[in-house]
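**Student:** Everything below, folded, please.
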Amino acid sequence: MVRGKTELRRIENATSRQVTFSKRRNGLLKKASELSVLCDAEVGLIVFSPRGRLYEFASSSMQGTIEHYQSFKKDAQTDDTYKEQNMQNLQHEAENMAKKIEQLESSKRRLLGECLGSCTIEELQQIEKQLERSVVNIRARKMHVFKEKIEQLKEKGKLLAAENAILREKHGPQQPQEGLNKEKQSLPCREGSDKSDLDVDVETELFIGPPDARTKRTPQK
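**Tutor:** Sure, this is the predicted structure:
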């Protein structure tokens, strides 16, 4: 069974209050001494009784502990001040960044041809100049990319030509396919004629005399 927390209240009886103070004070001083010895901690304890009597305990020197405390307190305050100033600076930078982002978004919309109703003549002329400069830069970049692509294609063509030359040297030049032997050509034949007629000797010399006396002359070789 868990006991509930007992609410602490001021002891109304003065004698009981003094006895309790003495007991708790001695226990507190003992705990402070044990803490400094066991944990090697710098401990400074100051207690004033209800009558204004001072009770203290210091593990090393009470004055040194107090100075250490004051220095730490000062550093903590300085650190808190620095953190507060740093936080204010960050908030200021965040506000400036938000304003810059808003200006950039507005400029972007105007460059896209939006929200131009509130622009003055000077602002419209400035936007027009910006667009003209952008077009010039885009065209220059496009031409540069085209030139790079052309150079790449030229290099690729050179590599293909070199590979083609290597293949020609390896396999030799291709001979064009010719027709049949040109030396063996037949004479054209007339319609109704036979090929045997081409082998018949034709006598073309003039002979005068009777037919019986005509003799066939054998051509001399």
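**Student:** switch to C-alpha atoms for all contacts and neighbour counts from now on
**Tutor:** Noted.
**Student:** and stretch 82-94, what's its mean pLDDT?
**Tutor:** Taken as a whole, stretch 82-94 carries a mean pLDDT of 85.
**Student:** Distance from the chain centre to that stretch, please.
**Tutor:** 32 Å (Cα atoms, centre = their mean, to the nearest Å).
**Student:** cool, stretch 29-48 as well?
**Tutor:** For stretch 29-48, the distance to the chain centre is 60 Å (Cα atoms, centre = their mean).
**Student:** CA atoms only: put it into CSV for me.
**Tutor:** Extracted in CSV, the C-alpha atoms of stretch 29-48 (Å, rounded to 0.1, in the frame of the first residue of the first chain):
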residue,chain,number,x,y,z
LEU,A,29,25.3,19.1,7.9
LYS,A,30,26.2,15.4,8.1
LYS,A,31,24.7,14.7,4.7
ALA,A,32,26.7,17.7,3.2
SER,A,33,29.9,16.4,4.7
GLU,A,34,29.2,12.9,3.3
LEU,A,35,28.4,14.3,-0.1
SER,A,36,31.7,16.2,-0.3
VAL,A,37,33.8,13.2,0.8
LEU,A,38,32.0,10.5,-1.2
CYS,A,39,31.6,12.4,-4.5
ASP,A,40,34.6,14.8,-4.2
ALA,A,41,32.1,17.7,-4.6
GLU,A,42,32.6,21.3,-3.5
VAL,A,43,29.9,21.9,-1.0
GLY,A,44,29.0,25.0,0.9
LEU,A,45,26.1,25.0,3.3
ILE,A,46,24.8,28.1,5.2
VAL,A,47,21.9,27.8,7.7
PHE,A,48,20.4,30.6,9.9
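**Student:** show me where the chain has strands.
**Tutor:** Per DSSP state E, the chain carries strands over the ranges 44-48, 54-58.
**Student:** out of these, which comes closest to E151?
**Tutor:** Closest approach to E151 among these (Cα to Cα): strand 44-48, 84.0 Å.
**Student:** tilt between that closest one and strand 54-58?
**Tutor:** Compare the direction of strand 44-48 with that of strand 54-58 by axes from the mean of the first three to the mean of the last three Cα atoms, to 10 degrees and you get 170 degrees.
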